[in-house]
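*Asks:* sharing a model prediction with you, sequence too.
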Amino acid sequence: METSNIARGTFQIALTNAFQYLVMGLFYVVVTKTSALTPADLGVLSILSFLASTFSLLTGVGLPTALTKFASENLGKNQQEEATAIQKTVTRAVLMLSLAGFAAVAFSSGLLSQYFWNTSAYAPLIILMLTYAFLFNIVTICNSTLQALYLFGKMAIVTIMFIISSRTIAAILAMLHMSVQGVLIGYITGSSIALAAAIAFMRGRLRQTTNKAPLKPLLHFSLPLFLSSLTLLVLNWADIVIIASMTLNYSLAGIYYIIVSSVSVLSILWIPITTTIFPALSARYGLKNPQGISSILKTTSRYLAYIVFPSCLGLAAIAPTALTFFYGPDYASGATPLAVLSITTIIIALYSLFTTTLTAIGKTGQILKINTISALSSIIMLLALVPFFEATGAALARLATQVISLALATIALRKEVQVRLDREALWKSALASIATVPFLIAIEATLSAKLPTIQTLAIEILTAAAIYASSLYILKALNSQDLELLRQTFPKPLTKYINILENIIVQPQT
């Protein structure tokens with residue numbers, strides 16, 4: 001059951017995340033091209049999003065991840081009442097922390113507004129964003145429970161309901177001249193709908209019990225993870241905050257925020273996989289099966305290599321055309337930072353795989369050490385580079401920071417398990433991806449000024465796909481086992497197309 005659920009769950013979450021980022025991308029396209037939100041408005045929204053992320057982090061204390069880990073371990077041992085007790089304890093703790101945090105931040109909203117914008121006029125927007133963050137905390141707890149139960153399809157539905165309702169309402173209200181306030185109202189409405197669905201999906205899934213799980217072991221696991229997430233907050237938001245505070249240019253901050261949001265779309269390439277392997281890794285660890293963990297690492301790295309390398313390098317090569325197509329020529333100035341961040345994403349994907357494994361085996365303290373070093377390095381590099389290179393300097397700081405993070409994570413994981421990556425897949429995919437770059441750069445240099453943006457983008461995508469597929473065929477990179485995973489995840493009516501694809505790109509074994 002676990003294997004089939006992981007394969008099916010990966011497919012479901014991949015589709016969900018793809019759909020999620022499609023809707024988010026359309027939202028930004030609509031609000032930028034209709035001028036419903038200006039770059040300055042996006043700069044304000046980025047700071048509000050930073051405050052929401054900070055609130056969720058400080059009030060969650062890493063407990064949702066602890067819920068998934070320990071509940072899945074107990075369910076794997078058929079200890080269902082213990083799993084229920086853990087879920088109840090975590091839910092109660094997060095609710096209490098969220099209520100206390102909401103009251104404290106709402107009371108100080110005027111001071112926060114004065115600090116960031118030199119006026120108290122933004123205090124109502126801070127309270128609206130807090131309301132959204134509070135509701136989303138509860139949704140996160142529900143999704144952690146569904147994840148522990150391997151109910152990935154239900155998680156997908158909750159996410160889809162949230163993203164459709166929140167972004168649709170947000171875009172409509174923004175175009176009705178409600179600006180950032182309308183966006184926040186949309187977020188609140190969407191999170192309310194998602195919460196109702198998540199609660200309905202959870203009902204009756206766990207066995208009722210009067211037992212109470214002690215909070216201390218959960219906190220012992222989650223507090224290092226929480227502190228690590230605090231450093232991640234710095235890593236994810238320091239560049240945006242520093243750009244806004246050092247340049248006082250919220251339009252520049254808004255453009256950089258759009259770039260960061262755009263490149264985050266690439267996370268759909270690995271988040272579905274790391275999400276679905278997390279409970280499996282936890283179960284292997286609970287059963288004292290380190291070889292099983294190493295095997296999962298090798299298999300996962302193979303599939304990440306074949307999808308992450310071409311996507312990230314391709315986006316880096318066509319960054320000017322991509323930004324112009326989606327957001328308009330005013331945002332094309334962010335092409336260089338987008339290219340740098342696209343390359344950085346390759347490193348992030350591998351780092352995510354390693355930290356997921358470290359979390360599953362309970363080595364959250366190691367993650368804390370890594371992220372602390374990385375956060376300090378990030379701030380130092382941002383302070384040094386942003387004054388001279390602005391957004392490009394911030395992107396370069398992210399790249400250097402992720403290199404440091406990956407190196408430290410590799411060292412830490414090798415002390416616990418045998419790190420087995422599919423080296424053949426890594427170098428073959430990298431070589432095939434690099435082969436597409438000269439052709440894409442040539443198209444950017446010659447055709448982008450002569451053809452409409454949509455035609456240029458279509459030519460670039462088709463060219464990259466053809467060269468990459470041909471290179472994989474020449475290198476004999478793929479085998480029948482690679483396509484077998486697709487057969488397990490795709491609906492049966494589509495398997496005939498997978499067979500056709502296999503006949504095209506997989507060379508016969510000799």
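*Replies:* Right, received. Where do you want to start? Numbering: from 1, shown residues only.

*Asks:* please count neighbours and contacts with C-alpha atoms only from this point.
*Replies:* Fine.

*Asks:* packing partners of the helix or strand hosting residue 124?
*Replies:* Following DSSP states H and E, one finds residue 124 within helix 123-148. Applying 3 or more CA pairs under 8 Å, 6 or more residues apart in numbering; DSSP states H and E, one finds that helix 123-148 makes contact with helix 39-60, helix 63-76, helix 80-107, helix 109-117, helix 152-173, helix 179-202, helix 271-286.

*Asks:* out of the ones you listed, nearest to residue 444?
*Replies:* Among the helices and strands packed on helix 123-148, the nearest to residue 444 by CA to CA is helix 39-60 (25.5 Å).

*Asks:* and the helices in the stretch 251-400 of the chain?
*Replies:* 271-286, 290-317, 319-327, 335-360, 364-414 (DSSP state H, counting those that start in this stretch).

*Asks:* of all these, which one comes closest to residue 252?
*Replies:* helix 364-414 (7.8 Å).

*Asks:* by how many degrees do the closest one and helix 335-360 diverge?
*Replies:* Orientation of helix 364-414 against helix 335-360 (axes from the mean of the first three to the mean of the last three CA atoms, to 10 degrees) gives an angle of 100 degrees.

*Asks:* what separates helix 364-414 from the chain centre, distance-wise?
*Replies:* Its chain's average C-alpha position is 17 Å from that of helix 364-414, according to CA atoms, centre = their mean, to the nearest Å.

*Asks:* same question for stretch 160-172.
*Replies:* Its chain's average C-alpha position is 18 Å from that of stretch 160-172, according to CA atoms, centre = their mean.

*Asks:* quick check: phi and psi on residue 35?
*Replies:* The phi/psi pair for residue 35 (degrees, to the nearest 10) reads phi 60, psi 20.

*Asks:* re earlier: comparing the helices of the stretch 251-400 of the chain by mean pLDDT, which bottoms out?
*Replies:* Per-stretch mean pLDDT for the helices of the stretch 251-400 of the chain is lowest at helix 271-286 (a mean of 73).

*Asks:* output the contacting helices and strands for that helix.
*Replies:* helix 2-33, helix 63-76, helix 123-148, helix 290-317, helix 335-360.

*Asks:* buried deepest among those helices, which one?
*Replies:* helix 63-76 (a mean of 25; mean count of other CA atoms under 10 Å).

*Asks:* excluding its backbone neighbours, what's nearest residue 386?
*Replies:* Nearest residue to residue 386, sequence neighbours excluded (CA to CA, 6 or more residues apart in numbering): residue 393, at 5.0 Å.

*Asks:* surely that neighbour is in contact with residue 383?
*Replies:* No - here residue 393 lies out of contact with residue 383, judged by CA atoms under 8 Å, at a distance of 9.3 Å.

*Asks:* of these two, which one has the most company?
*Replies:* More neighbours surround residue 393 than the other of residue 393 and residue 383, with 22 against 18 (other CA atoms under 10 Å).

*Asks:* look up how far residue 161 lies from the more buried one.
*Replies:* Distance, residue 393 to residue 161, using CA to CA, to the nearest Å: 37 Å.

*Asks:* quick one: closest of the helices and strands packed on helix 123-148 to residue 220.
*Replies:* Taking those one by one with CA to CA, helix 63-76 is closest: 9.5 Å.

*Asks:* specify the angle between that closest one and helix 39-60 in degrees.
*Replies:* 50 degrees.

*Asks:* angle of helix 63-76 against helix 80-107?
*Replies:* Using the same axes, to 10 degrees: helix 63-76 against helix 80-107 is 170 degrees.

*Asks:* kindly export helix 63-76 (C-alpha atoms) in PDB.
*Replies:* Taking C-alpha atoms only, helix 63-76 is exported to PDB below (Å, rounded to 0.1, in the frame of the first residue of the first chain):
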ATOM      1  CA  LEU A  63       5.000  21.100  15.400                       C
ATOM      2  CA  PRO A  64       3.200  20.300  12.100                       C
ATOM      3  CA  THR A  65       6.300  18.400  10.900                       C
ATOM      4  CA  ALA A  66       6.500  16.600  14.300                       C
ATOM      5  CA  LEU A  67       2.900  15.600  13.900                       C
ATOM      6  CA  THR A  68       3.600  14.000  10.500                       C
ATOM      7  CA  LYS A  69       6.700  12.300  11.600                       C
ATOM      8  CA  PHE A  70       5.500  10.700  14.900                       C
ATOM      9  CA  ALA A  71       2.000  10.000  13.700                       C
ATOM     10  CA  SER A  72       3.200   8.200  10.600                       C
ATOM     11  CA  GLU A  73       5.700   6.200  12.700                       C
ATOM     12  CA  ASN A  74       2.900   5.100  15.000                       C
ATOM     13  CA  LEU A  75       0.600   4.300  12.200                       C
ATOM     14  CA  GLY A  76       3.400   2.200  10.600                       C
END
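
*Asks:* which stretches of the stretch 151-300 of the chain have low pLDDT?
*Replies:* 279, 285-290 (pLDDT under 70).

*Asks:* at 80 what do you get?
*Replies:* For the stretch 151-300 of the chain, applying pLDDT under 80 flags the ranges 152, 204-212, 224-225, 228-229, 248, 268, 271-295, 299.

*Asks:* re the thing from before, tell me the most buried of the helices and strands packed on helix 123-148?
*Replies:* helix 63-76 (a mean of 25).

*Asks:* does anything pack onto that one? Which helices or strands?
*Replies:* Counting by 3+ CA pairs under 8 Å, 6+ apart, helix 63-76 packs on helix 80-107, helix 123-148, helix 215-247, helix 271-286.
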